[in-house]
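A.B. asks: quick one: sequence plus predicted model below, questions after.
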Amino acid sequence: MKTRIKIGLPAAIAAGAVIAFATGSFAQYQNAPPHGPHEFMTASISDPKGPLPDTSRIIVKLPNQIVWTGNKSLLYGDPTKAGDPYGVAVRLAPGQFSQPHSLANDRWVYVASGTLWVSDSDAKSSYPVKQDNFITNLAKTSFVDGNRAGATEPTVLIITGVGSPDNRIMSDYTQTTNVKVSDPAGAKPDASHMTITEVSTTGNQNLYGGGQQAQTEGTPYGVIQTWTPGRYSSPHYHPHPRYIYVLTGTWWVSSSTYHDTRLTYPVPAGSFVQDLPHGIHWDGNRLNDPQTTRLYITGIAPAGNTSVDEDGKEVQNAGRAGRGAATGAAPPAGR
């Protein structure tokens, strides 16, 4: 199902389209020689971290800053508002389940950790979906899901979709079950109700709505991106908000127009980040990081990026410079 959404950007955000990086922010490097974009790309994880990104461009919420209400955290949007894109993090303790439910619109579920047990009807007939799998609950079909009793860890989900008045996610997952992980598993749900896709732990992968190539105005999309050590994007901005959940590794981000890896700030796994419309930023993974960084990115199309130079001015005919492009020691991952 293709969903298109009309977006209105707040005037204050749209007006702050391009802001040159303040030279005072380079105080920690005042003895370094003059530099511009792409001139210092060898910062490693052992080097000092850069400043927290400018909150008028990119908002970082570390794991301890994410606000939870019970077992849910509303990351963005309103699930009950018709046509409103939303994202919710869900953390299910062993034995927590949802009620049978159906929705007017498709719903997209990423299993960030643990196992999600899914069914068309009840916990007893539920089927296990492991970490790094992606589920689409198709519109107007019944589903139930949760974490069976006896599990050794919670199940963490990132659920996105388009709001509708019948959406009960913020009051759901309050049921309990005595069905155990050791009890027989049910059959895999019918693909006409629910699809399950295994997500690669390497490279990039479009999950829904066209992913990184989504261009139809107002269409929701989701994509997995990976950053090997030494791989970065160039300074750029996006026309619409983007929402990022850090799945694994450390993600190094900067709101500077200068492409200098000493300016990057470490964002650990479990963090949530918003790229604000027209907010200049760039990101990647520092050298010598033992882990590849993996991101789950959602947003509204078009998913393109606009490159900027060291003065924050748009670079004409620069191609796609955002998270799909790479500079530095390592080749692009998956693209």
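C.D. replies: In hand now; what should we look at?

A.B. asks: remind me which residues of the protein are low pLDDT?
C.D. replies: Scanning the chain for pLDDT under 70 picks out the ranges 1-37, 317-335.

A.B. asks: domain-wise, how is it divided?
C.D. replies: Following automatic domain parsing, the chain resolves into domains at 15-64+201-328, 77-198.

A.B. asks: for the last one, what is the distance to the chain centroid?
C.D. replies: Here the centre of domain 77-198 is set off from its chain's centre by 18 Å, with CA atoms, centre = their mean, to the nearest Å.

A.B. asks: now do the longest one
C.D. replies: Mean-position distance between domain 15-64+201-328 and its chain equals 12 Å (CA atoms, centre = their mean).

A.B. asks: begin at 32 from now on, thanks
C.D. replies: Taking 32 as the first residue, the last one we looked at is domain 46-95+232-359.

A.B. asks: need the domains of the chain in TSV with distance to Gly101 and mean neighbour count, can you?
C.D. replies: (C-beta placed from N, C-alpha, C; glycine too.) Listed next are the domains of the chain as TSV, based on distance: least, CB to CB, whole Å; neighbours: other CB atoms under 10 Å:
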stretch	distance to Gly101	mean neighbour count
domain 46-95+232-359	17	19
domain 108-229	8	18
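
A.B. asks: closest one to Asn102 among those?
C.D. replies: Of all the domains of the chain, domain 108-229 sits nearest to Asn102, with 5.1 Å by CB to CB.

A.B. asks: how about the helices in this structure?
C.D. replies: 42-46 (DSSP state H).

A.B. asks: His269: what's it in contact with?
C.D. replies: His269 makes contact with 306, 308-310, 330, 334-337, 353, according to CB atoms under 8 Å, 6 or more residues apart in numbering.

A.B. asks: now render the domains of the chain as JSON lines, adding distance to Asn102.
C.D. replies: Output for the domains of the chain, formatted as JSON lines (distance: least, CB to CB, whole Å):
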{"stretch": "domain 46-95+232-359", "distance to Asn102": "15"}
{"stretch": "domain 108-229", "distance to Asn102": "5"}
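
A.B. asks: contacting residues for the nearest residue to Thr172 once chain neighbours are set aside?
C.D. replies: Spatially, and ignoring its direct neighbours in sequence, Thr172 is nearest to His224 (4.0 Å; CB to CB, 6 or more residues apart in numbering). Contact analysis of His224 by CB under 8 Å, 6+ apart lists 151, 168-169, 172-174.

A.B. asks: how close does His224 sit to Val175?
C.D. replies: His224 is 11 Å from Val175, where distance means CB to CB, to the nearest Å.

A.B. asks: what do those two both touch?
C.D. replies: Asp151.

A.B. asks: before we move on, the earlier item: now, which of the contacts of His269 lie within strands?
C.D. replies: Secondary structure from DSSP state E places 306, 330, 337 of those in strands.

A.B. asks: list just the nearest of the residues you listed to Asn198.
C.D. replies: When these are compared against Asn198 (criterion: CB to CB), the nearest one is Gly330, at 19.4 Å.

A.B. asks: what residues are up against the nearest residue to the closest one once chain neighbours are set aside?
C.D. replies: Spatial nearest neighbour of Gly330, excluding adjacent residues (CB to CB, 6+ apart): Arg273 at 4.2 Å. By CB under 8 Å, 6+ apart, the residues touching Arg273 are 305-306, 328-330, 334.

A.B. asks: for the nearest residue to Lys155 once chain neighbours are set aside, give me its contacts.
C.D. replies: With sequence-adjacent residues excluded and distances taken as CB to CB, 6+ apart, Lys155 is closest to Val210, at 5.3 Å. Neighbour list for Val210: 154-155, 157, 179-180 [criterion: CB under 8 Å, 6+ apart].

A.B. asks: among those, name the ones in strands.
C.D. replies: Residues of the contacts of Val210 located in strands (DSSP E): none.

A.B. asks: just give me the closest of those to Lys344.
C.D. replies: Of the contacts of Val210, the one sitting nearest to Lys344 (CB to CB) turns out to be Ser157, at 54.2 Å.

A.B. asks: hang on, Phe303 packs against Trp282?
C.D. replies: No - the pair Phe303 / Trp282 is not scored as a contact, 11.1 Å apart, by CB atoms under 8 Å.

A.B. asks: quick one: common contacting residues for these two?
C.D. replies: In contact with both Phe303 and Trp282: Ile275, using CB under 8 Å, 6+ apart.

A.B. asks: how close does the residue nearest to His271 when sequence neighbours are not counted sit to Pro272?
C.D. replies: Nearest residue to His271, sequence neighbours excluded (CB to CB, 6+ apart): Ile331, at 4.8 Å. Using CB to CB, Ile331 is found at 7 Å from Pro272.

A.B. asks: overlap in contacts of the two?
C.D. replies: When contacts are counted by CB under 8 Å, 6+ apart, Ile331 and Pro272 have no shared neighbour.
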